[in-house]
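A.B. asks: Sharing a model that was predicted from the sequence below.
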Amino acid sequence: MLLQVRDLHVEFRTHDGVAKAVNGVSYEVDAGETLAVLGESGSGKSVTAQAIMGILDVPPGRITGGEILFQGRDLLQLKEDDRRKVRGAEMAMIFQDALSSLNPVLSVGEQLGEMFVVHRGMSRKDARAKAVELMDRVRIPAAKERVGQYPHQFSGGMRQRIMIAMALALEPALIIADEPTTALDVTVQAQVMDLLAELQQEYHMGLILITHDLGVVADVADRIAVMYAGRIVETAPVHDLYKAPAHPYTRGLLDSIPRLDHKGHELYAIKGLPPNLMAIPPGCAFHPRCPRAQDVCLTDEPPLYAVAEDGARESACHFWRETLRDA
Ligand SMILES: Nc1ncnc2c1ncn2[C@@H]1O[C@H](COP(=O)(O)OP(=O)(O)OP(=O)(O)O)[C@@H](O)[C@H]1O
Ligand code: SF4
Ligand SMILES: [Mg+2]
């Protein structure tokens with residue numbers, strides 16, 4: 001297994017109190033596999049990713065428990081120096097907003113080339129040739145002519161391709177893409193997502209794809225982990241989850257996807273708001289919003305129940321059987 005996150009806990013200490021952002025998250029990603037991480041805003045998707053990458057905002061953030069095993073080593077035990085070597089070379093991250101992640105005063109060629117100069121000791125000239133090669137790989141037209149241009153001279157979709165090229169440069173074993181297409185318009189979104197999926201296959205990388213758009217992941221992900229209030233509430237192979245969710249929250253997310261064949265129908269929305277992370281409800285954190293909640297849900301926190309015997313599916317709902325049956 002390439003990456004194993006085990007029982008990860010992250011808190012933020014602020015003057016208002018302690019926000020429990022990640023509360024015992026475990027997930028795994030293998031080489032060549034895409035895990036989609038899904039959930040509403042504030043569910044802890046990015047914070048988990050930042051903990052894996054070692055870019056958590058500390059303080060106010062603090063990892064209070066768990067392990068992050070990457071190629072067998074626990075990253076949380078590494079010294080910052082060793083951690084830095086892992087970052088970029090062995091795992092890389094793609095963010096939503098390329099414009100704020102790229103340096104505005106360096107040409108894209110210089111930024112791409114820098115990776116090879118710093119990490120591989122290449123000459124500037126060779127690094128520039130590598131930059132052109134990478135721009136070709138992510139299908140930026142006229143790469144040779146555009147290598148000297150600055151980030152603002154590229155469209156949003158092209159900038160996102162440059163981010164993908166930066167992430168791929170050193171051929172890392174793992175890429176974490178945090179809402180990589182959210183800022184783009186719909187047709188460009190699909191192109192960038194297809195490109196990412198294709199390169200991931202070709203390089204046989206593990207990919208964690210963070211999104212709150214269930215529509216995007218259907219074609220590209222192998223498995224899905226659904227997060228709520230800093231916990232995983234359901235994991236499943238992607239097609240099983242679409243066919244029949246085993247958690248009422250997943251059901252709600254699926255029902256809120258806009259569908260072309262339902263034009264004119266009112267879109268379903270999960271009632272209520274995500275919980276305050278300084279006061280997560282007892283029992284099942286989802287109970288105030290759950291159409292299926294019973295008395296037991298108010299007091300007993302549901303463990304991750306095995307939905308499939310081989311362990312490929314889990315649901316943190318006391319009533320996963322009924323949810324699955326009614327799907
Ligand atoms: N730098 C920070 N300082 C204080 N609290 C933070 C910080 N970053 C995250 N948090 C807390 O962690 C919670 C989870 O944040 P996270 O960014 O992981 O959400 P997310 O699931 O990625 O949501 P989104 O879909 O909006 O990106 C936030 O709601 C907030 O309470
Ligand atoms: S445990 Fe109860 S409240 Fe939580 S999702 Fe299941 S039915 Fe709803
Ligand atoms: Mg986020």
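C.D. replies: Perfect, I can see it now. Residues are numbered from 1 along each chain as shown. Ligands and ions are numbered 1, 2, ... in the order given.
A.B. asks: Bridged to H9, which residues?
C.D. replies: N23, G65 (DSSP bridges).
A.B. asks: So which residues on the stretch 201-327 of the chain come close to ligand 1?
C.D. replies: Applying C-beta under 6 Å from any ligand atom, one finds that the stretch 201-327 of the chain approaches ligand 1 through 212, 277. All C-beta spots, glycine's among them, are computed from the backbone N, C-alpha and C.
A.B. asks: now with 8 Å?
C.D. replies: 210, 212, 227, 230, 274, 277 (C-beta under 8 Å from any ligand atom).
A.B. asks: what's the spacing between the nearest residue to the last one once chain neighbours are set aside and R146?
C.D. replies: Looking back up the chat, that one is L277. Leaving aside its chain neighbours, L277 sits nearest to A19 (4.1 Å; criterion: C-beta to C-beta, 6 or more residues apart in numbering). Relative to R146, A19 is positioned 43 Å away (C-beta to C-beta, to the nearest Å).
A.B. asks: Check I94 too.
C.D. replies: Taking C-beta to C-beta, one finds I94 at 20 Å from R146.
A.B. asks: Neighbour count: the two, which is higher?
C.D. replies: The residue with more neighbours, out of I94 and R146, is I94; 24 against 18, by other C-beta atoms under 10 Å.
A.B. asks: Any idea what the more buried one is bridged to?
C.D. replies: Under the criterion used here (DSSP bridges), I94 is bridged to A177.
A.B. asks: check which helix or strand covers the residue nearest to L277.
C.D. replies: strand 17-29 (DSSP states H and E).
A.B. asks: do that strand and ligand 2 meet at all?
C.D. replies: No: applying C-beta under 8 Å from any ligand atom, one finds strand 17-29 separated from ligand 2 by no less than 14.7 Å.
A.B. asks: how far is that strand from where the chain is centred?
C.D. replies: 14 Å (C-alpha atoms, centre = their mean, to the nearest Å).
A.B. asks: counting contacts, what elements does it pack onto?
C.D. replies: Judged by 3 or more C-beta pairs under 8 Å, 6 or more residues apart in numbering; DSSP states H and E, the packing partners of strand 17-29 are strand 3-14, strand 34-38, helix 45-53, strand 61-70, strand 206-211, strand 231-237.
A.B. asks: Count residues in the vicinity of H204, would you?
C.D. replies: The burial count for H204: 12, using other C-beta under 10 Å.
A.B. asks: quick one: contacts for it?
C.D. replies: 31-32 (C-beta atoms under 8 Å, 6 or more residues apart in numbering).
A.B. asks: Can you classify the residue in the stretch 201-327 of the chain that ligand 1 sits nearest to as helix, strand or coil?
C.D. replies: Taking C-beta to the nearest ligand atom, ligand 1 has its nearest neighbour within the stretch 201-327 of the chain at L277, 4.7 Å off. Put simply, L277 is coil when judged by DSSP: H, G, I helix; E, B strand; the rest coil.
A.B. asks: Pop out the phi and psi values for it.
C.D. replies: Dihedral pair for L277: phi -70, psi -10, per degrees, to the nearest 10.
A.B. asks: was I right about it contacting A21?
C.D. replies: Yes: counting by C-beta atoms under 8 Å, L277 does reach A21; the two are 5.8 Å apart.
A.B. asks: Overlap in contacts, these two.
C.D. replies: G230.
A.B. asks: just to revisit the earlier point, if I pick the residue of the stretch 201-327 of the chain closest to ligand 1, what's in contact with it?
C.D. replies: 19-21, 42, 229-230.
A.B. asks: Format the helices and strands packed on strand 17-29 as a markdown table; extra columns: mean pLDDT and distance to Y305.
C.D. replies: Below are the helices and strands packed on strand 17-29 laid out as a markdown table (pLDDT from 0 to 100; distance: least, C-beta to C-beta, whole Å):
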| stretch | mean pLDDT | distance to Y305 |
| --- | --- | --- |
| strand 3-14 | 97 | 17 |
| strand 34-38 | 96 | 19 |
| helix 45-53 | 97 | 22 |
| strand 61-70 | 98 | 21 |
| strand 206-211 | 95 | 24 |
| strand 231-237 | 97 | 10 |
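A.B. asks: Adding mean neighbour count and distance to V117, write the ones you listed out as JSON lines.
C.D. replies: As requested, these are arranged in JSON lines below (neighbours: other C-beta atoms under 10 Å; distance: least, C-beta to C-beta, whole Å):
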{"stretch": "strand 3-14", "mean neighbour count": "18", "distance to V117": "28"}
{"stretch": "strand 34-38", "mean neighbour count": "25", "distance to V117": "31"}
{"stretch": "helix 45-53", "mean neighbour count": "23", "distance to V117": "22"}
{"stretch": "strand 61-70", "mean neighbour count": "17", "distance to V117": "25"}
{"stretch": "strand 206-211", "mean neighbour count": "25", "distance to V117": "26"}
{"stretch": "strand 231-237", "mean neighbour count": "24", "distance to V117": "40"}
